[in-house]
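>>> pasting the structure only:
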């Protein structure tokens, strides 16, 4: 029997492994993932994710467990099994995917149990009034997921995934089907439940078959170049790779705080940001961190050599401290050594002034003590 050890100050707690399939029913797992879809997707995407539909009725009469959508507009179809995920679950996923892709955009949004009324409403859920990711790209990704069998992500989630199931999923990936499996260890004590999700399958295989838009290719090229330069000048800070997203994060050592390069706006009026983001699930916590640094505004402007330093909102709950540069088009950003050098130089300054100085840790401690 496995166990985990939790150390909180001088207190040590040992929690033994439980049998989820015995202790809980499938409805419990469904509710958990529906309300917290990111818990099964951390190894698959760094994008934010929201539940689009739960118990979605499909044209053939079948019922899909969960339909998720991420902040780039990609659809994720989820089948949940509380016990062992068998090969039959793979067949069910494929059947549901083919059924879903018979639906038009209007049919999907007029279905019962769909939580949004349009693609634009989903987009605004992620970005509010900011255009950090192009709406055109978001809509394109969404509609391709609804029509292209090689675009939609399929995900089987189960307490245990059988080897035969993993073998079948791997074989399907060779033909361009984006299908992955997530299983989880489960630990419980009298008043705690701990889930440890584990991705079973090759993300590298999935990434090789992923189709990218022209805009996504440009993001990948730009961020690959500046990230490489940043790593050379600040070795050991991050091992992350560039992605096709319109942003790229640099860790700050805290789960809800990170540095970020971010493009916003539409072509040909793109703006590039470099900043520090506070993305805790509690809006008050994010605002207090922002206020803490706002009180040091004059000092920060001097240290960053940035009179245009800004303090603002990011979506509905998050906050950010940032500088920005008007770059015009992505092509111009790719061609301009000056823009790339500015992006790297400012990220290094942000990292040194906020992270290496210990200011982020001081701010979090101060906020927690209030």
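Right, received. Where do you want to start? Being a predicted model, the structure only gives us computed values, none of them experimental.
>>> my read is residue 347 is in a helix, agree?
Yes: checked against DSSP: H, G, I helix; E, B strand; the rest coil, residue 347 lies within a helix.
>>> ok, it - contacts?
226, 230, 250, 259, 261, 274 (C-beta atoms under 8 Å, 6 or more residues apart in numbering). In this view, the C-beta of every residue, glycine as well, is placed from N, C-alpha and C.
>>> please apply the same query to residue 77.
Contacts of residue 77 (C-beta under 8 Å, 6+ apart): 64, 66-68, 93, 96-97, 100, 152-155.
>>> and residue 323, by the same measure?
Counted by C-beta under 8 Å, 6+ apart, residue 323 has contacts 273-275, 304, 306, 308-310, 346.
>>> among these, which ones are buried?
273-275, 304, 306, 309, 346 (16 or more other C-beta atoms under 10 Å).
>>> ok, which pair from those is furthest apart?
Using C-beta to C-beta, the buried ones among the contacts of residue 323 span at most 13.4 Å, a distance reached by 273 and 304.
>>> setting aside sequence neighbours, what's the nearest residue to the residue positioned nearest the centre of the chain?
Central residue of the chain (C-alpha atoms, centre = their mean): residue 47, 2.1 Å from the mean position. Using C-beta to C-beta, 6 or more residues apart in numbering and skipping the chain neighbours, the partner closest in space to residue 47 is residue 70 (3.9 Å).
>>> and if you look at residue 301?
Spatial nearest neighbour of residue 301, excluding adjacent residues (C-beta to C-beta, 6+ apart): residue 309 at 5.0 Å.
>>> the one you found contacts residue 303, doesn't it?
No: judged on C-beta atoms under 8 Å, residue 309 makes no contact with residue 303 at a distance of 9.8 Å.
>>> just to revisit the earlier point, what about the residue nearest to residue 301, distance to residue 351?
Residue 309 is 15 Å from residue 351, where distance means C-beta to C-beta, to the nearest Å.
>>> need the contact list for the residue nearest to the centre of the chain.
Residue 47 touches 70-72, 74, 245, counting by C-beta under 8 Å, 6+ apart.
>>> sitting in strands, which of those do you find?
residue 70 (DSSP state E).
>>> which SSE is immediately downstream of the helix or strand hosting residue 286?
Here residue 286, judged by DSSP states H and E, is contained in helix 283-294. Next helix or strand after helix 283-294 toward the C-terminus (DSSP H and E): helix 297-304.
>>> assign the closest residue to residue 64 other than its chain neighbours to helix, strand or coil.
Closest residue to residue 64 apart from its sequence neighbours, by C-beta to C-beta, 6+ apart: residue 56 at 4.3 Å. The three-state label for residue 56, taken from three-state DSSP, comes out as strand.
>>> against residue 77, how distant is residue 56?
Distance from residue 56 to residue 77, counting by C-beta to C-beta: 9 Å.
>>> overlap in contacts, these two.
Common contacts of residue 56 and residue 77 (C-beta under 8 Å, 6+ apart): 64, 66-67, 100.
>>> ok, so of those, who is nearest residue 281?
For the shared contacts of residue 56 and residue 77, the minimum distance to residue 281 (C-beta to C-beta) is 19.8 Å, reached by residue 66.
>>> okay, now that closest one: neighbour count?
22 (other C-beta atoms under 10 Å).
>>> helix or strand: which one has it?
Going by DSSP H and E, residue 66 is in strand 63-70.
>>> likewise for residue 108?
Per DSSP H and E: helix 105-109 holds residue 108.
>>> ok, residue 29 next?
Judged by DSSP H and E, residue 29 forms part of helix 26-35.
>>> poorly predicted segments of the stretch 151-300 of the chain, please.
201-213 (pLDDT under 70).
>>> by neighbours, which of the shared contacts of residue 56 and residue 77 wins?
Neighbours here mean other C-beta under 10 Å. Within those, the largest count is held by residue 67, at 25 neighbours.
>>> which residues does it contact?
51-54, 56, 75-78, 100.
>>> likewise for residue 256?
Applying C-beta under 8 Å, 6+ apart to residue 256 gives the contacts 278-281, 285-286.
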